[in-house]
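Peer 1: for reference, the sequence and a predicted model appear below.
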Amino acid sequence: MLLDDLVFDIADTDEDALFLMANLHPKETGLPRVIYVSEKGQARHDVRVKVSGAPGERMSIRDMATFSVRPTPRLLHGKLSRDDQRVISAWITRNEAVLVDHWNGEISTSEMLSRLIHKG
């Protein structure tokens, strides 16, 4: 991985947030891209899920997309195909309770992984 792959927009990600993020690979989620989830930390916004700018197993913070979780999944920042948006939104809907519990620090990353629902 090149250092350039780690460039991100500070306005969208506070410095502490990177330490709280868990990288979820396609084999763990059933999704076409790496997903980043975190606990709330110092965030001043509600639950969000970040999506790698690169498809497959490649982790890329460059061109990352951001989805809201509540009240319904919605692409907030970034660009993804309509198919990727649809699949990721459906996954977020299926896993909303788990993502919220993790965001609130009520469950660990390993418990979150064990509770994720891949396909509905």
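Peer 2: It's in.
Peer 1: buried sites along the longest strand seen in the chain?
Peer 2: Longest strand in the chain by number of residues (criterion: DSSP state E): strand 48-55. Within strand 48-55, the residues that count as buried by 16 or more other Cβ atoms under 10 Å are 48-54. From N, CA and C alone the C-beta is placed, and that goes for glycine too.
Peer 1: what's it packed up against?
Peer 2: The contact analysis (3 or more Cβ pairs under 8 Å, 6 or more residues apart in numbering; DSSP states H and E) places strand 48-55 against strand 33-38, strand 65-68, helix 82-94.
Peer 1: out of the ones you listed, which one sits most buried?
Peer 2: strand 33-38 (a mean of 24; mean count of other Cβ atoms under 10 Å).
Peer 1: which strands or helices does it pack on?
Peer 2: Using 3+ Cβ pairs under 8 Å, 6+ apart: strand 33-38 touches strand 21-24, helix 26-29, strand 48-55, helix 82-94, helix 96-103.
Peer 1: for residue 109, which of those is the nearest?
Peer 2: The closest of those to residue 109 is strand 21-24. By Cβ to Cβ, the value is 4.6 Å.
Peer 1: given that closest one, what are its sheet partners and their directions?
Peer 2: Taking DSSP bridges as the criterion, strand 21-24 forms sheet pairs with strand 33-38 (antiparallel).
Peer 1: tell me what angle the strand it pairs with forms with strand 48-55.
Peer 2: If you take axes from the mean of the first three to the mean of the last three Cα atoms, to 10 degrees, strand 33-38 sits at 150 degrees to strand 48-55.
Peer 1: residue contacts, residue 108?
Peer 2: Contacts for residue 108 (Cβ atoms under 8 Å, 6 or more residues apart in numbering) come out as residue 102.
Peer 1: any idea of the pLDDT on it?
Peer 2: The model reports residue 108 with a pLDDT of 93.
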